[in-house]
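Visitor: Need a 3D model of the sequence below.
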Amino acid sequence: MLRQWADLPQPPAGFEFLTDAGELQAGVDERGLSAQFYTELTENLLKEGVVFSSIHPKTGMPQNADFDRHTETIAQLGALFKHMFDQKFISGRILPDEFFALLATLKSKKSRLDKQREILKILQIEHASLLQAWLDGDASLENEVLEIFRSIQMDPDLHLSEEKLREEAELLLKEILSPYLKIGEALLSGISGWLDYQLTPDYALEISSLLQGNPLDPDAMIAAFRIHSENPDVLQKVEWIKERIHQEALMKDSNWRERLAFCVMSQRALKSSDTIEIYESSDERCRARTCFKSLYIPTNASTKEEFFEKLDELMADESYSMA
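Guide: Numbers count the residues shown, from 1 in each chain. This next block holds a predicted model:
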């Protein structure tokens, strides 16, 4: 799919649904479908094992064991990010903020060694930082550096001259950093001239927020609600939703908030300007219109359990994004 997208003369501004006769369906907003398309495309591309062979368990950084095979694909990802940024689409919180700090460091005008030191801080690989500190002149770390190589070679009696130890340390650092540097440089080749004057370490977190959106913090999500009803049954159900948002936030493996956001907005994160418009439903169903980021709540009296059954039905229904 990414290759087909990249081969287009230019990325489409939006998407449209056609009938079986090839005619444009009325009432379908292209932005809602576009948001869904880019959310799902980036989520699937960045799943472990699709493009990147693995995700570092501590930092969340993507890694790649077969970079030569995927160089072009990763560059296309950079072009995809650029297009999404330009069109103000967000991917959801897929990559750690530090990933964009790494790109900013690679794009900076610092020396190779200064970039290496900065990237090691970003990656937080403990023994790699120790190796760098020793290479930078901290002689007190020599025994700890030697222990790293004894552990790697499984030889508790290993001895290396200082010159040989320095040589091995530099090679190991290069090996540790190489996958991250290759990925970052390939992505930047796809991004090309994107944000040349802005892509600095200080701006990296903002770039991450603009491209990926902000986490679904319960208070921020609730603050985005705009209620267009005074019906007491609707207001009661809104309160139930607020309660559940806070409850689900306490559950480690819950994705309920992400599912709700995707159902209403075709995205699993928030932009600073996002609002969730809440209206009365014209029937007893919960409904959503992603093109307007709107949730429609039925006015009929029901128990909390009955209401969430209806809401869960909506969240499980893939057709809401086309409404």
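Visitor: Am I right that Ile297 is in contact with Tyr279?
Guide: Yes. At 7.4 Å, Ile297 counts as touching Tyr279 under the criterion of C-beta atoms under 8 Å. The C-beta positions use only the backbone N, C-alpha and C, and glycine is treated the same way.
Visitor: Provide the backbone phi and psi angles at Ala75.
Guide: phi -60, psi -40 (degrees, to the nearest 10).
Visitor: And the pLDDT for Asn143?
Guide: As predicted, Asn143 sits at a pLDDT of 93.
Visitor: did I read that right, it in a helix?
Guide: Yes. Applying DSSP: H, G, I helix; E, B strand; the rest coil, one finds Asn143 inside a helix.
Visitor: That one: neighbour count?
Guide: 8 (other C-beta atoms under 10 Å).
Visitor: what's the answer for Ile119, then?
Guide: That count, for Ile119 with other C-beta under 10 Å as the rule, works out to 22.
Visitor: What of Ile245?
Guide: So Ile245, with other C-beta under 10 Å, has 20 neighbours.
Visitor: and it, what is it in contact with?
Guide: 218, 221-222, 257, 260 (C-beta atoms under 8 Å, 6 or more residues apart in numbering).
Visitor: Check which helix or strand Val238 maps to.
Guide: helix 232-249 (DSSP states H and E).
Visitor: What residues of that helix count as buried?
Guide: 233-234, 237-238, 241, 244-245, 248-249 (16 or more other C-beta atoms under 10 Å).
Visitor: Now intersect the contacts of Ile245 with the helices, please.
Guide: Among those, DSSP state H puts 218, 221-222, 257, 260 in helices.
Visitor: what about Phe225, distance to Ser178?
Guide: Between Phe225 and Ser178 the distance is 47 Å, computed by C-beta to C-beta, to the nearest Å.
Visitor: Between these two, which is the more surrounded one?
Guide: More crowded of Phe225 and Ser178, by other C-beta under 10 Å: Phe225, with 15 against 12.
Visitor: The residue nearest to that one when sequence neighbours are not counted: how many residues sit nearby?
Guide: Closest residue in space to Phe225, ignoring its immediate chain neighbours: Ile276 at 5.3 Å, by C-beta to C-beta, 6 or more residues apart in numbering. Residues lying near Ile276 (other C-beta under 10 Å) number 21.
Visitor: now do Gln76
Guide: 22.
Visitor: With Ile227 instead?
Guide: 15.
Visitor: Could you point out the bridge partners of it in the sheet?
Guide: Taking DSSP bridges as the rule, Ile227 bridges to Ile278.
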